[in-house]
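**Q** with the sequence up front, the predicted model follows.
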Amino acid sequence: MRIVSWNIETVSRFLDHPGDTYRRLGEPEVLCLQEIRIRPRDREIIAALEQALPSHACYFALCDDPRNVTGRGGRMYGVATFVHRALRPSALPSPPWDREGRSVLVDIGGADVRVVNIYAVNGTSRPYFNCESGQPDGDRHTFKRRFQRGLAEHVRGLSGAPNWILIGDWNVSRAALDTTPRLRTEPPHSLARKELDEVLVRDLALMDIFREMHPRRIQYTWFNTRKSTLDAARVDYALVSRALAGRVTEADILDDRLGSDHAPSLSRSILPPFFDELTAVRTWAREGIGRVKKKGGRDAARDHEHDEAWTGPPVAARSPRPR
């Protein structure tokens, strides 16, 4: 099972040519996108997202926090996870406090694993306002750590399979090896790193599977495109349950950023021995995606159509809107 995570920076980058992009990413069974920048009222774009990969079910969380999110007309943040239907995916409850659409959880029954797609908070000194009271509640550095703790509590509170993959853009470099020109070791950055390591990695018995498989490799996923000198970091990675780690056969970072400032990261794991349906449907899925017909342009999400010849399964039910 191939899992690819990619901070896409804007969903139009994917929806302009979903089939081509999917193939360039290696046709993953699970595709996790971050920073899709869709509002709950963008119904046509949401419909295009749900229909982008006919062979995959689509689960998403969108930003709906007008008090804290005012840029780009509210088109900020948001995550979407595509899972091949043969893997028998189903939605898990999202944290009710996640008004910025930063996490979506999916149970993949056919692989005996649960995947959490994450776009963690980028801490800044900008004030954060409590969504219920409207009153100031620290800054976004504080909110970043609160998000990490809340996510850990939410995952811990869900009973079921012990196999978890928490994957996405964590907005935290874990060590000096993961960033250039330097690791920010001063507060509040050091506090966020410490809590990530303790509250998530240690307490949930997770491991950074890329660093586990490549202890000394220097490779980055985010690049500051505004600077002429290299300013980069590895902030996109998969935290995998130790119970699952023995099934992971590959963890890597793709070279092609496909226009984003983030490089896609991938993990590949072995499916349970009893599960062989996926191999039989891969060709069928590839042909189905190849038949998707699109109109060009960056606003293609609003004009997305399907060829009437495509008779694959219906698209997944729309994910619940964030509250």
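**A** Now that the structure is in, tell me what you want to look at. Because the structure is a prediction, the values reported are computed rather than measured.

**Q** can you list the buried residues in the longest helix belonging to the chain?
**A** Counting residues, the longest helix found in the chain (DSSP state H) is helix 140-156. Across helix 140-156, burial judged by 16 or more other CB atoms under 10 Å covers 140-148, 150-152, 154-155. All C-beta atoms are positioned from the backbone trio N, CA, C, and that covers glycine.

**Q** grab the nearest non-local neighbour of residue 234.
**A** residue 178 (4.0 Å; CB to CB, 6 or more residues apart in numbering).

**Q** show me the contacts for the one you found.
**A** 211, 220, 233, 234, 235 (CB atoms under 8 Å, 6 or more residues apart in numbering).

**Q** same check on residue 225?
**A** Listed by CB under 8 Å, 6+ apart, the contact partners of residue 225 are residue 261.

**Q** run the last query once more with 10 Å
**A** By CB atoms under 10 Å, 6 or more residues apart in numbering, residue 225 lies in contact with 231, 257, 260, 261.

**Q** and what of residue 236?
**A** With the criterion set at CB under 10 Å, 6+ apart, residue 236 makes contact with 5-7, 32, 34, 118-119, 167-171, 210, 220-222, 253, 262-265.

**Q** next: residue 176.
**A** 182, 183, 185.

**Q** number of residues surrounding the last one?
**A** If I follow you right, that is residue 185. 9 (other CB atoms under 10 Å).

**Q** same thing with the first one?
**A** Using other CB under 10 Å, the number of residues around residue 182 comes to 8.

**Q** and residue 137, what element?
**A** Assigned by DSSP states H and E, residue 137 belongs to strand 136-139.

**Q** what helices or strands is that strand leaning on?
**A** Here strand 136-139 touches strand 127-129, helix 140-156, going by 3 or more CB pairs under 10 Å, 6 or more residues apart in numbering; DSSP states H and E.

**Q** so which of those comes closest to residue 96?
**A** Each of the helices and strands packed on strand 136-139 has some distance to residue 96 by CB to CB; the shortest is helix 140-156, at 8.9 Å.

**Q** closest one to residue 69 out of the contacts of residue 178, please.
**A** Among those, residue 235 lies closest to residue 69 (CB to CB), at 20.6 Å.

**Q** which SSE is the nearest residue to residue 117 once chain neighbours are set aside in?
**A** Of all residues not flanking residue 117 in the chain, residue 32 sits nearest, at 4.0 Å (CB to CB, 6+ apart). According to DSSP H and E, residue 32 maps onto strand 30-34.

**Q** just checking: what are the partner strands of that strand?
**A** According to DSSP bridges, strand 30-34 has the following sheet partners: strand 2-7 (parallel), strand 79-84 (antiparallel).

**Q** which is the succeeding secondary structure element to it?
**A** Moving toward the C-terminus from strand 30-34, the next helix or strand (DSSP H and E) is helix 43-51.

**Q** buried residues in that next one, which are they?
**A** 45, 46, 48, 49, 50, 51.

**Q** in TSV: the residues you listed, plus pLDDT.
**A** Below are the buried residues of helix 43-51 laid out as TSV (pLDDT from 0 to 100):
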residue	pLDDT
45	97
46	97
48	97
49	98
50	97
51	97
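
**Q** returning to that earlier point: just the buried members of the contacts of residue 225?
**A** By neighbour count, with 16+ other CB under 10 Å, the contacts of residue 225 hold 257, 260 as buried.

**Q** what's the closest of the contacts of residue 225 to residue 93?
**A** Using CB to CB, residue 260 is the member of those that sits closest to residue 93, with 29.3 Å.

**Q** residues contacting the closest residue to that closest one other than its chain neighbours?
**A** The shortest distance from residue 260 to any non-neighbouring residue, by CB to CB, 6+ apart, is to residue 9 (4.5 Å). The neighbourhood of residue 9, defined by CB under 10 Å, 6+ apart, consists of 33, 34, 35, 36, 37, 257, 258, 259, 260, 261, 262.
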